[in-house]
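Trainee: After the sequence you'll find the predicted model.
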Amino acid sequence: MKNFKKLMLVLTAIAMVSCGEKKEKEQIDLNDNSVGTTESVTEEKSTQDENVVEITITGNDQMQYDLKEMKVKAGQTVRVTLKHIGKMDKNVMGHNWVLLTNGTDVPEFGALAGAAKATDYVPAGTDKVIAHTKLLSGGESDTIEFVAPAAGTYDFICSFPGHYALMKGKFIVE
Ligand code: CO
């Protein structure tokens, strides 16, 4: 009986040890797997991030953007989404997002654009615009894609008449 008890103890000990080993091994395997997965996902993401940057900016019925600054890297593909989160029509509270070439005089361009109603306030044939969204009413959104220009600081505005005074920001290319 004593021997049987001893045997049971030994067997239990062996079982515990082997079980512990197994668990440890499983955990290591799991860790290996998850580390591997995490790494590859991170790599994919960072590769994507290097090539494409997505920026969402909103405009509201109070004539305000929610961003005053955007930062990208030269040569990156930039995907800008403008969302008009207000309710007003584009005839009275239209919003767009217009990226101007470096050194463009904003008030001068704003005045010119404000008179270009027929082309939704983006002057036809202008060489001052790098990229622009459509003119939006409340509830609408538009996404545009373009390649970030050379390093520098650029202005973006809403070119609806008078809006550039409030709806403006800096587009910084590093
Ligand atoms: Co506007």
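Mentor: Arrived safely. Computed from a predicted model, the values in this text were never measured in an experiment.

Trainee: Tell me which residues of the helix or strand where residue 92 lies come out buried.
Mentor: Assigned by DSSP states H and E, residue 92 falls within helix 90-93. Across helix 90-93, burial judged by 16 or more other CB atoms under 10 Å covers 90, 93. (Glycine included, C-beta is placed from N, CA and C.)

Trainee: contacts for it?
Mentor: 61, 63, 84, 86, 135-138, 140, 160 (CB atoms under 8 Å, 6 or more residues apart in numbering).

Trainee: What of stretch 151-167?
Mentor: 59, 63-65, 70, 74, 90, 93-102, 104, 106-107, 109-110, 113-116, 121-122, 130, 132, 135, 168-174.

Trainee: Show the overlap between these and what lies near the ion.
Mentor: Restricting the contacts of stretch 151-167 to those touching the ion (CB under 5 Å from the ion) yields residue 95.

Trainee: Near the ion, which residues of the protein are found?
Mentor: Contacts of the chain with the ion, taken as CB under 5 Å from the ion, map to 95, 158, 160, 163, 167.

Trainee: can you list those in TSV and add pLDDT and secondary structure?
Mentor: Output for these, formatted as TSV (pLDDT from 0 to 100; DSSP: H, G, I helix; E, B strand; the rest coil):
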residue	pLDDT	secondary structure
95	98	strand
158	98	coil
160	98	coil
163	98	helix
167	98	coil
